[in-house]
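A.B. asks: My questions are about this predicted structure, shown below with the sequence.
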Amino acid sequence: MENLKILKMTKTEKYKILTKYIKDMSSETPDIETFLFVKKNIAKYQLDIGITSKPLKDKLVEISTTLKYEDKNQDNKKSYFEIVFCTVIKVSEEIKEKKDIEKIILCDVQKDIYPNIEASFLNLLHNSGYPEVKFEKKIDFEKLFNQRFN
């Protein structure tokens with residue numbers, strides 16, 4: 001972690017993204033029969049998002065954002081798609097409240113990085129043989145964050 005450049009933050013900045021990268025990416029389709037079945041039924045697949053974080057030293061936080069695109073039905077023939085995108089941020093010294101840090105991790109950073117994750121994930125799906133997949137509904141991180149605390 002020493003080689004990450006710590007940038008000076010202005011007074012108004014709550015955090016600074018130091019680095020972001022794809023930690024893991026997976027596309028699993030076991031055989032041609034499954035591929036053809038999934039191609040016909042991909043509209044049933046649902047996008048799930050998971051966010052975890054790990055505090056590091058010096059107000060640094062590693063955030064893992066996981067997107068999964070999967071069929072929740074009991075079909076035997078399934079493909080599996082997943083991306084884990086990591087972001088390392090430095091939280092401003094002024095931010096002390098746990099709820100403020102949670103909002104940064106679960107909402108603010110996600111709004112910043114989501115276009116990158118979505119583009120990478122759609123490339124994975126398209127290159128896996130499913131060029132018709134689009135994510136019409138955008139994720140409202142603000143709304144999800146507020147629902148979590150109400």
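C.D. replies: Noted; the coordinates are in hand.

A.B. asks: Need the outlier residue of the chain, farthest from its centre.
C.D. replies: residue 33 (29.7 Å; C-alpha atoms, centre = their mean).

A.B. asks: give the contact list for it.
C.D. replies: Residue 33 makes contact with residue 77 under the criterion C-beta atoms under 8 Å, 6 or more residues apart in numbering. In this view, the C-beta of every residue, glycine as well, is placed from N, C-alpha and C.

A.B. asks: Now it: which helix or strand?
C.D. replies: helix 32-41 (DSSP states H and E).

A.B. asks: what's the distance between that helix and the middle of its chain?
C.D. replies: Helix 32-41 sits 26 Å away from the centroid of its parent chain (C-alpha atoms, centre = their mean, to the nearest Å).

A.B. asks: quick check: mean pLDDT across that helix?
C.D. replies: Averaged across helix 32-41, the pLDDT comes to 95.

A.B. asks: buried sites along that helix?
C.D. replies: In terms of neighbour count (16 or more other C-beta atoms under 10 Å), helix 32-41 has its buried residues at 34, 35, 37, 38.

A.B. asks: show me the contacts for the second one.
C.D. replies: Taking C-beta under 8 Å, 6+ apart, we find residue 35 in contact with 29, 79, 129.
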